[in-house]
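Undergrad: what's the 3D shape of this:
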Amino acid sequence: MYLVNDLPSEEETLKRSFWVCVPCEAYVGTHKRNAQYGLDGTEPLGPLANRKLRRKRLNLHNMMDPVWKKLKWSRKRLYKWLADRLGISTETCHIAMLTDEQCDRAATLLEEVANFAQQNVAAHKESPNRGKKAKKK
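TA: All right, here's what the predicted structure looks like:
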């Protein structure tokens, strides 16, 4: 097997197989064998990704957790929100399935919603009524 520069660690490569395009240095891991689901260990996890696309996907993964936690959403809810904005189905809205252009759009959307969430947290902290109970009339 030909290994490109930034394939996963040796430990990870021993756990699963990879489809590799040597000329463009693109690769994708495969699903683990699972007879119950009819997987023989050769099914790709998604489309091939070159170094640039892998970095974009990694960046998106790193952006996702802080955003859904800040918003107090579930990860599933954030993926649904993202799918709606990208115009794709929730079934295909997985970072490993996004194209280069979809990654760019998703990053912009996540930055916007993260900024919105941060502004709301800051506004809540500065609110003069914060922590006070409303008076009954």
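Undergrad: contacting residues for residue 103?
TA: 53, 56, 57, 59, 60, 95 (CB atoms under 8 Å, 6 or more residues apart in numbering). All C-beta spots, glycine's among them, are computed from the backbone N, C-alpha and C.
Undergrad: one more time with 7 Å
TA: 53, 56, 57, 60 (CB atoms under 7 Å, 6 or more residues apart in numbering).
Undergrad: Tabulate those residues (CSV), appending neighbour count and distance to residue 78.
TA: Formatted as CSV, the contacts of residue 103 follow (neighbours: other CB atoms under 10 Å; distance: CB to CB, whole Å):
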residue, neighbour count, distance to residue 78
53, 16, 21
56, 21, 17
57, 20, 16
60, 19, 11
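Undergrad: the helices in this structure, which residues?
TA: Using DSSP state H, the helices of the chain run over 10-15, 51-71, 75-86, 100-126.
Undergrad: Just the buried positions in the last one, please.
TA: Buried residues in helix 100-126, counted by 16 or more other CB atoms under 10 Å: 102, 103, 106, 109, 110, 113, 114, 117.
Undergrad: nearest to residue 90, of the contacts of residue 103?
TA: residue 60 (16.1 Å; CB to CB).
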